[in-house]
Every structure is written in C-alpha cells, then in structure tokens.
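K.L.:
Prediction below, plus the sequence it came from.
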Amino acid sequence: MTPSLSLKKHERLKSKILLDKLFQEGQSAFSYPFKLLYRYEANVDADWPLLFSVTVPKKKVRSAVKRNLIKRRTREAYRLHKSDLQAQLASLQSHRLSLMLIYIESEAVEYAKIEKGVLKLVNKLTDAIPS
C-alpha cells in the first residue's frame, strides 16, 4: 500500500459495528473546530488499515448546504494530510485505525482553520500510534 492523495470508498468508515465500537471504546482528542474520536486496534485482519469519517451535527449547523460545505472542506484537508499516518500504519502489519471527526463549531469556518485543525489532529495521532 503506497500513500496516495485520494480518498476512496474503501477508506470510509461506514460499518455500524465499527462505528458503535468507536463511540463505546474509542479515545478522543480536540483541536478547534473538531473533536476527534479514534480507535486503534492491533492484530486485526483489516481490508484497509485507516478508516475515516466526518460528521457535522444538524443541531450545530442547521443548513444542509453549510453542513455539506464543511464536510467537503474537512475531507479535502484530511485527504491532503493523511499520508504520514497512512505510511506509519502501512509499516505495521494487521492493524486498523478508525477515525471520526466531529465538527463542534456552530458556524461554517474558512478552509484554513479547518485544515489547521485537521493537521493538528493527524499529527497527534501520528505520535500516539506505536511504531
């Protein structure tokens, strides 16, 4: 697996079972404007080692257009900065990292702030994963 700048369908966190485990057993981190939930699993037969999801609560951002804009911006920032995390997981065998970014701000912020928050969280995760 070579690190790429794409975000394919198989890289998305969609499984109900994995999402439930993430919310029950996952750890969290904060970096404005996001809360990150993550769960690292060792010795797992995983199709893809890095799974990602983003959510923008309707309670915080009422407009569907703005919610979708925030999700697009977040996915783009993650797509551009995931390569270090992906390379680190590729060196380990049979490991999986599930990530969910939860937007906590009540208004849409510009891309630069979203990118800065995503980059901080990716760097925290890179340090947290055992080598």
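P.N.:
Received the coordinates, thanks.
K.L.:
what are the ranges of the strands in this protein?
P.N.:
Secondary structure of the chain (DSSP state E): strands located at 27-31, 34-42, 50-55, 95-103.
K.L.:
Mean pLDDT, mean neighbour count and distance to Ser63 added to those strands, as CSV?
P.N.:
C-beta: built from backbone N, CA, C; applies to glycine. Shown next, in CSV, are the strands of the chain (pLDDT from 0 to 100; neighbours: other C-beta atoms under 10 Å; distance: least, C-beta to C-beta, whole Å):
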stretch, mean pLDDT, mean neighbour count, distance to Ser63
strand 27-31, 94, 13, 24
strand 34-42, 91, 18, 19
strand 50-55, 94, 20, 15
strand 95-103, 92, 22, 13
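K.L.:
Identify whichever of those strands lies nearest to Ile70.
P.N.:
With C-beta to C-beta as the measure, strand 95-103 is the member of these nearest Ile70 (5.6 Å).
K.L.:
Quick check: neighbours of the closest one in the sheet, parallel or antiparallel?
P.N.:
Paired neighbours of strand 95-103 in the sheet (DSSP bridges): strand 34-42 (antiparallel), strand 50-55 (parallel).
K.L.:
and the angle for the first one with strand 27-31?
P.N.:
Calculated by axes from the mean of the first three to the mean of the last three C-alpha atoms, to 10 degrees, strand 34-42 forms an angle of 150 degrees with strand 27-31.
K.L.:
Compute the distance from the centre of the lowest-mean-pLDDT helix or strand in the chain to the centre of its chain.
P.N.:
Here the helix or strand of the chain ranked lowest by mean pLDDT, DSSP states H and E is helix 83-91, holding a mean of 83. Computed by C-alpha atoms, centre = their mean, to the nearest Å, the separation of helix 83-91 from the middle of its chain amounts to 14 Å.
K.L.:
list the helices and strands that helix packs on?
P.N.:
strand 50-55, strand 95-103, helix 111-128 (3 or more C-beta pairs under 8 Å, 6 or more residues apart in numbering; DSSP states H and E).
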